[in-house]
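Colleague: Fold the following for me, if possible:
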Amino acid sequence: MSAKKSEPPPQDSLATPQKATFFRLGHKNHSQWTALGSASFVLISGGMSLAWGAGFAVHSAHRDQLLLTVHMQISWYATAILGALFGAFFTHRLPQQPIYIFGSCLVIASGILFLAWPECPGSIIAARYLDGLANGLIFVPAMSTVGEIAVSEMRGLLASTVEQLSSNTGILMQLIYTAVWQVDWDVVIVADQVHGVLSIVYGVIALALALTLCVESPVHLLMRSNEQRAVVSLRHLQRPYMVTSETLLRLDEHKLYVADNREMCVWLSLQKGFPALLKLLALRLLGVLCLNYILCCALYETASQLVSCFHAWTYVIFGVLRWCGCFFVVVLMDTTGRKKPTLFGTFSTGAFAIAFANLFGRTPHMITALVMLFSLQFFAGLGQCASAVYLTEAFPLGIKPHLVAAVYIMELITRLLLCSFAPSIAGITAYFHVLGSLSMVFFLLGIFCLSETRLITLAEAQLKFTKWFNKDF
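Modeller: The predicted structure follows:
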């Protein structure tokens, strides 16, 4: 009888801990998000600026100048490129906290210029210069170190939240205030001032998080041979805030990661990083093709043929679906994995792009074309989510910031080129045929080339990316 009493209860009581695993992980490791919370809010501001520069600012006094004024076109992108170059140099050389503080202050200054002088083109250009510099400075260190801060079980969730979800939140906020604003409202504040207020709010929150909750990457500290501070950093990145056996295991994992990468010279690092660089360039540039001025023109032309005058509610649906596509798959990054959502999203994006190209301009089918365009944005958000995770996992440690910066700079150059001209109806149709074709090609290649990196260490993920072909799912 006593033996029966000492037996553990059957499966019911064991089900509760399993169900609570995700929430326990989130509670235990929430410090890892707050350590990068400052970067998240700066990138939300960057998402707003990307949408503004792509033409999603119907009520802005400066929207028409985007195609006429060179400074207005290049301002955000030029300083974001400059910031990325600085970020590549400073990451793993200087502490992150001063960089995050400076970037947050730049976002606040940008918001003040939007708020104080909304009608002055010079002020708007200066504000975009400042916001672009902030995003370039923050993007590279944040994406280089997010994988070093996160535990393996939450690396996908954290990386995709910090970059993709933050950027898409900024895009959504820009599209929402653009949609609800009415030029005939009898109010003192103008639309661009709303942009300024939101930027100030994001900047203030980012500054507060940078001053109080920023934690340095333990890998950065080990690279500087400061093991004691690395232990302190790991202690602050988990609950309870004390050194446990798990802390020491993570320390050993990071020490092995640093030691393996220290043995690689620059040339060997470049050789090992080159396959990952090409794959990520293809994936991230495909994402650029799904949000730019051509997409804005396509949305306007499609919606304006359905109603007598264009209504900005289409912007809201456009932005909400893009955000939802990203949001729904963020939580799957460490369970379903990275590869399956990326391939599914890319294939669906290609299918809807080709369908839209075939329907666009055919008046009886414009409502269907609009649905295709909305669906394309949902799957674009879904398919791009894992690209943020791949950025922090793919490259050898010694040159990781430089290759992250290279991918980001190529994105910015492509965005600038696509936002520099207004396409014709025929041009929009051809563009979507090209987008659909490239998406399908990437889908077929991705089946054999993309890596699945969930629930493995950074060193193991990096090893997978050195191979040209990875058939694992």
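Colleague: For residue 153, see how far away residue 199 is.
Modeller: Distance from residue 199 to residue 153, counting by Cβ to Cβ, to the nearest Å: 34 Å. (Glycine included, C-beta is placed from N, CA and C.)
Colleague: When these two are compared, which one has more neighbours?
Modeller: residue 199 (30 against 16; other Cβ atoms under 10 Å).
Colleague: So the more buried one, which state does it fall into?
Modeller: Secondary structure state of residue 199, per DSSP: H, G, I helix; E, B strand; the rest coil, is helix.
Colleague: mind checking how far it is from residue 189?
Modeller: Plainly put, residue 199 is 14 Å away from residue 189 if you go by Cβ to Cβ.
Colleague: got a list of contacts for stretch 69-78?
Modeller: 49-50, 53, 62, 65-67, 121, 124-126, 128-129, 131-132, 412-413, 415-416, 419-420 (Cβ atoms under 8 Å, 6 or more residues apart in numbering).
Colleague: again, 6 Å this time
Modeller: For stretch 69-78, the external contacting residues (Cβ atoms under 6 Å, 6 or more residues apart in numbering) are 49, 53, 65, 66, 125, 128, 129, 132, 412, 416, 420.
Colleague: Buried residues, it. List them.
Modeller: 72, 73, 74, 75, 76, 77, 78 (16 or more other Cβ atoms under 10 Å).
Colleague: can you check stretch 426-434 too?
Modeller: Within stretch 426-434, the residues that qualify as buried by neighbour count (16+ other Cβ under 10 Å) are 428, 429, 431, 432.
Colleague: got it, and stretch 244-264?
Modeller: For stretch 244-264, burial by neighbour count (16+ other Cβ under 10 Å) applies to 247, 250, 251, 253, 254, 257, 258, 261, 264.
Colleague: pLDDT (mean, whole number) over that stretch?
Modeller: Throughout stretch 244-264, pLDDT has a mean value of 87.
Colleague: Can I get that stretch as CSV, trimmed to CA atoms?
Modeller: C-alpha atoms of stretch 244-264 as CSV (Å, rounded to 0.1, in the frame of the first residue of the first chain):
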residue,chain,number,x,y,z
THR,A,244,22.9,29.3,-10.6
SER,A,245,24.1,26.1,-12.3
GLU,A,246,22.2,27.3,-15.4
THR,A,247,24.1,30.6,-15.4
LEU,A,248,27.4,28.7,-15.3
LEU,A,249,26.3,26.4,-18.1
ARG,A,250,25.5,29.4,-20.3
LEU,A,251,28.8,31.0,-19.4
ASP,A,252,30.6,27.8,-20.6
GLU,A,253,28.5,27.8,-23.8
HIS,A,254,29.5,31.5,-24.5
LYS,A,255,33.2,30.8,-23.6
LEU,A,256,33.3,27.9,-26.1
TYR,A,257,31.6,30.1,-28.8
VAL,A,258,34.1,32.9,-28.3
ALA,A,259,37.1,30.5,-28.2
ASP,A,260,36.0,28.8,-31.5
ASN,A,261,35.6,32.1,-33.3
ARG,A,262,38.9,33.5,-31.9
GLU,A,263,40.7,30.8,-33.8
MET,A,264,39.3,32.1,-37.1
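Colleague: Can you tell me which of the buried residues of stretch 426-434 lies closest to residue 220?
Modeller: Lowest distance from residue 220 to those (Cβ to Cβ) belongs to residue 431, with 41.9 Å.
Colleague: all helices for the stretch 201-350 of the chain, in order.
Modeller: Assigned by DSSP state H, counting those that start in this stretch, the helices in the stretch 201-350 of the chain fall at 218-223, 227-236, 245-262, 266-288, 293-304, 313-330, 339-359.
Colleague: Of the ones you listed, flag the one that's most buried.
Modeller: Burial of the helices of the stretch 201-350 of the chain is given as mean neighbour count (mean count of other Cβ atoms under 10 Å); helix 218-223 ranks first at a mean of 24.
Colleague: From the chain's centroid, how far away is it?
Modeller: In terms of Cα atoms, centre = their mean, to the nearest Å, the centre of helix 218-223 is found 24 Å from the chain centre.
Colleague: outside of it, which residues touch it?
Modeller: 92, 148, 229, 230, 233, 234, 254, 258.
Colleague: Kind regards, and thank you for your time.
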